[in-house]
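Q: A structural model of the following input is requested.
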Amino acid sequence: MNNYVQFRARKDEFFETHPQSPLTQEQRENFAGLQYFPPDPALYFEVEIDQFSEQKELTMQTTTGDLRQYTRFGKVHFTVAGEAAELTVFASDHGFFIPFVDSQAGKETYGAGRYLDPEVKPDGRLVLDFNLAYNPYCAYNDLYSCPLPPAENRLSVAVKAGEKNFK
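A: Okay, the predicted model is just below:
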């Protein structure tokens, strides 16, 4: 749990002080830190990835109407609050990427969805740590263009972990 506290403190410092922060100068003046759900060990998973036999390209629309290409790599399966869930894992030049929307989108979490950057274990499994789920930069500033999670990554369950909606 201490690692989450340190991670969040470093992220807050970046948002408040770094020239590449997504916050406007006005937002920085009143910035008191990002809001998070309490860390929940039940929302940390090490899962097998079911690779698709045919890995097709998918075009994701962004918040500004631009289009970005990703490869549909495979699916991961896990359980949240007793409910089975699955998400598609996308691949790009930057690694794996999981954009998702949960049932709290627009309430407790950012309406356009959040992101996970899963870690690949030496044995090929993926680490899905929803405590590290984060808002895309467009949640803070309309100047950013962020991929919107596709319909296949809309969860009916609430994922009460990671970053909350920015206010």
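
Q: Look at the spatially most central residue of the chain and report its pLDDT.
A: The centroid of the chain falls nearest to residue 115 when counting by C-alpha atoms, centre = their mean (1.4 Å). We note a pLDDT of 97 for residue 115 in this prediction.

Q: Kindly indicate whether it is helix, strand or coil.
A: strand (DSSP: H, G, I helix; E, B strand; the rest coil).

Q: residues touching the residue nearest to it when sequence neighbours are not counted, list them.
A: Residue nearest to residue 115 in three dimensions, not counting chain neighbours: residue 99, with 5.3 Å by C-beta to C-beta, 6 or more residues apart in numbering. Glycine gets a C-beta too; all of them are placed from N, C-alpha and C. Residue 99 makes contacts with 60, 90, 113-115, 147-150, 153, as judged by C-beta atoms under 8 Å, 6 or more residues apart in numbering.

Q: what about the residue nearest to residue 134 when sequence neighbours are not counted, distance to residue 35?
A: Excluding the flanking residues, the one nearest residue 134 by C-beta to C-beta, 6+ apart is residue 163, at 5.0 Å. Residue 163 is 7 Å from residue 35, where distance means C-beta to C-beta, to the nearest Å.

Q: Over to residue 159?
A: Taking C-beta to C-beta, one finds residue 159 at 15 Å from residue 35.

Q: So those two - more neighbours on which side?
A: Taking neighbours as other C-beta atoms under 10 Å, residue 159 and residue 35 compare with residue 159 leading, 25 against 12.

Q: in a helix, that's where that one is, yeah?
A: No - read with three-state DSSP, residue 159 is coil and lies in no helix.
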